[in-house]
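A.B. asks: got a predicted structure plus its sequence, pasted below:
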Amino acid sequence: MIKNAELIKNTSIARSNQIVNNNTSASIKSGFYFGYLHAINGILRQVIKEKKFKPKIYITGGLGKIFKDKIILKPIYIENLTLDGIREIGIKIYL
């Protein structure tokens with residue numbers, strides 16, 4: 001989108017405090033944040049409704065921290081879960 005629209009600047013991905021904004025950069029940031037947040041919570045609500053249980057949620061990675069306080073089931077946040085898992089597997093394979 002940025003390559004084809006001269007006036008759109010690179011926008012950092014971060015938590016947004018409001019959904020309606022008055023500039024393009026803040027609107028893109030807000031759209032990303034609230035779009036994903038509501039998608040995550042919507043899927044969790046549907047799982048809870050269909051399966052009648054509350055799953056344990058783990059989130060990982062750099063962007064996980066911007067969502068961790070707003071996900072409905074209070075996830076466990078482990079920033080390097082993927083890398084730690086790969087390291088653990090590698091240690092077991094080579095020992």
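C.D. replies: Sure, I can see it.

A.B. asks: in the protein, which spans are strands?
C.D. replies: Listed in chain order, the strands of the chain (DSSP state E) span 58-59, 76-77.

A.B. asks: chain neighbours aside, what residue packs nearest to the residue most central in space within the chain?
C.D. replies: With distances taken as C-alpha atoms, centre = their mean, the residue of the chain nearest its centroid is G64 (4.7 Å). Nearest residue to G64 in three dimensions, chain neighbours excluded: Y77, at 5.6 Å (C-beta to C-beta, 6 or more residues apart in numbering). C-beta coordinates here come from the backbone N, C-alpha and C atoms, glycine included.

A.B. asks: and Q18, by the same measure?
C.D. replies: Closest to Q18 by C-beta to C-beta, 6+ apart is S30, at 6.6 Å.

A.B. asks: show me the helices in the protein, by range?
C.D. replies: With helices called from DSSP state H, the chain shows them at 24-51, 64-67, 81-94.

A.B. asks: now those as a markdown table including distance to I57?
C.D. replies: Below are the helices of the chain laid out as a markdown table (distance: least, C-beta to C-beta, whole Å):
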| stretch | distance to I57 |
| --- | --- |
| helix 24-51 | 7 |
| helix 64-67 | 10 |
| helix 81-94 | 12 |
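
A.B. asks: thank you, goodbye.
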